[in-house]
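Asks: for reference, the sequence and a predicted model appear below.
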Amino acid sequence: MFEIHVGLHELLGHGTGKLLYRNGDGSSHKFTDPITKEEFESCYEKDDSWNTRFGDISCSYEECRADTVGFFLCTLKECYDLFGFEDKDQKTILWVNCMMQFRKGIIGLPLYNPEAKRWGQAHTQGAFVFT
């Protein structure tokens, strides 16, 4: 069941990230918050990148973003159907995926260097954040 999370994490979590820059006329892109339904504008400025915005945590933050996409999409029928799962499997899929993430966060603790205050691997830091 973990393969559905990995597939969605890689294909859609990483694969759909796009940097949206300010338009030539100075306007920015409009979005709607899916929870509050409020409209807002957001964009990167000229010379911005994912790394300049998020610095040292940019790689781990990207992994958290991709994992969040994977967790959410594995609950959608259209997605779990693609991987051969049925409606009765939906809750178990999410449970297994969350437990695997928690496990990865715990067994990855040796990859943290307390002297340097740095993680040795972005996936593990992301899993620890979820844990």
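Replies: Cool, got the structure.

Asks: against residue 77, how distant is the spatially most central residue of the chain?
Replies: For the chain, the residue nearest the mean C-alpha position is residue 65 (1.8 Å; C-alpha atoms, centre = their mean). For residue 65, the distance to residue 77 equals 23 Å [C-beta to C-beta, to the nearest Å]. (Each C-beta comes from the backbone N, C-alpha and C, glycine too.)

Asks: again, but for residue 103
Replies: 27 Å.

Asks: and for residue 90?
Replies: From residue 90 over to residue 77 the distance is 8 Å, taken as C-beta to C-beta.

Asks: more neighbours: the two, which one.
Replies: Taking other C-beta atoms under 10 Å, residue 90 and residue 77 do not tie; residue 90 has more neighbours (15 against 11).

Asks: secondary structure element holding the more buried one?
Replies: helix 90-107 (DSSP states H and E).

Asks: one more: residue 63?
Replies: helix 58-73.

Asks: now the element after that helix, going C-ward?
Replies: Sequence-wise, the next helix or strand downstream of helix 58-73 (DSSP H and E) is helix 77-82.

Asks: list of residues touching that following helix?
Replies: Helix 77-82 is contacted by residues 4, 8, 73-74, 86-87, 89-90, 93 when judged by C-beta atoms under 8 Å, 6 or more residues apart in numbering.

Asks: mind running it again at 6 Å?
Replies: For helix 77-82, the surrounding residues in contact (C-beta atoms under 6 Å, 6 or more residues apart in numbering) are 73, 93.

Asks: give the buried residues for it.
Replies: 79-80 (16 or more other C-beta atoms under 10 Å).

Asks: alpha carbons only: can I get it in CSV?
Replies: Taking Å, rounded to 0.1, in the frame of the first residue of the first chain, the C-alpha atoms of helix 77-82 are listed here in CSV:
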residue,chain,number,x,y,z
LYS,A,77,-10.9,7.3,-5.5
GLU,A,78,-9.5,8.4,-8.8
CYS,A,79,-6.0,7.9,-7.5
TYR,A,80,-6.3,4.7,-5.5
ASP,A,81,-8.2,3.1,-8.4
LEU,A,82,-5.2,3.7,-10.6
